[in-house]
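>>> predicted model follows, preceded by the sequence.
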Amino acid sequence: MEPTIVERDQIILVGMSFFGDPFATSGGWTEENEIGRLWGRFMAYLETHGDRIRHMVDRECGYEVHIEHPETSAKGHYEVFAGVEVSRLEQLPPHLLVKFLPPSQYAVFTLAGEEITSDWARMIYQDWMPESGYEQAHGYAFQVYDQRFKGMEQLEASVLDLYIPVKPLQD
């Protein structure tokens, strides 16, 4: 599993979030856990009120951001944000949140089929990163779901990109 290293300018996302243990009610890749329910809430909002999000870069491209907090390592709690990218902000309804991801270098891992549900976090953070010459630059990572992602019922035919913010190791 080798990534592509890319530079991205600031990314502006509009969406909804959840904080806590997203797997408390149901583990793994399922629409029944808090991540699946978050996506359901956000997609329902897009269907009925998507016109309220102006300047969307690509309506068919969703972002899922996992943000570490002090409680992440102690309790397994973190923030999960589901949203879309916008090119600029205008007034938004109070139902929505904004995330500004800083300009960064990213290691982009393309996951396909069974890799999506594999233990890719271990492979990246414990196997690849220590040997890569990079370290994590920020306490978040995000997944991009575009037209290659076919849905939860077709994971074996799906592809997604995982972005890990990185910086060269300091000697």
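Arrived safely. This is a predicted model, so every value here is computed, not measured. Numbers count the residues shown, from 1 in each chain.
>>> please enumerate the helices of the protein.
Counting by DSSP state H, one finds helices in the chain at the ranges 34-49, 71-75, 120-122, 129-132.
>>> out of the ones you listed, which is the most enclosed?
Between the helices of the chain, the one whose residues have the most neighbours on average, counting mean count of other C-beta atoms under 10 Å, is helix 34-49 (a mean of 16). Every C-beta, even on glycine, is put in place using the N, C-alpha and C of the backbone.
>>> which helices and strands sit right next to that helix?
strand 11-20, strand 62-67, strand 78-86 (3 or more C-beta pairs under 8 Å, 6 or more residues apart in numbering; DSSP states H and E).
>>> which pLDDT value belongs to Asp21?
pLDDT, the model's per-residue confidence, is 70 for Asp21.
>>> okay, now it: neighbour count?
When neighbours are defined as other C-beta atoms under 10 Å, Asp21 has 14 of them.
>>> can you tell me how far it sits from Phe109?
Here the criterion is C-beta to C-beta, to the nearest Å. By it, Asp21 lies 24 Å from Phe109.
>>> coming back round to it: which one of the helices and strands packed on helix 34-49 lies nearest to Gln143?
Using C-beta to C-beta as the measure, strand 62-67 is the one of the helices and strands packed on helix 34-49 that comes nearest Gln143, at 4.5 Å.
>>> so Arg41 touches Met16, yeah?
Yes: under the contact definition of C-beta atoms under 8 Å, Arg41 touches Met16, with a separation of 5.9 Å.
>>> hang on, the earlier thing: any chance of the helices and strands packed on helix 34-49 in TSV, plus mean neighbour count and distance to Lys150?
Shown next, in TSV, are the helices and strands packed on helix 34-49 (neighbours: other C-beta atoms under 10 Å; distance: least, C-beta to C-beta, whole Å):
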stretch	mean neighbour count	distance to Lys150
strand 11-20	18	21
strand 62-67	20	13
strand 78-86	21	18
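>>> want to throw those strands into CSV with distance to Glu34?
Formatted as CSV, the entries for the helices and strands packed on helix 34-49 read as follows, by distance: least, C-beta to C-beta, whole Å:
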stretch, distance to Glu34
strand 11-20, 5
strand 62-67, 12
strand 78-86, 7
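>>> nearest to Gly139, out of these?
Counting by C-beta to C-beta, Gly139 lies closest to strand 62-67 out of the helices and strands packed on helix 34-49; the figure is 6.6 Å.
>>> the closest one - which strands sit beside it in the sheet, and in what orientation?
Here strand 62-67 is paired, per DSSP bridges, with strand 78-86 (antiparallel), strand 140-145 (antiparallel).
>>> give the rounded mean pLDDT of it.
Confidence over strand 62-67, taken as the mean pLDDT, stands at 95.
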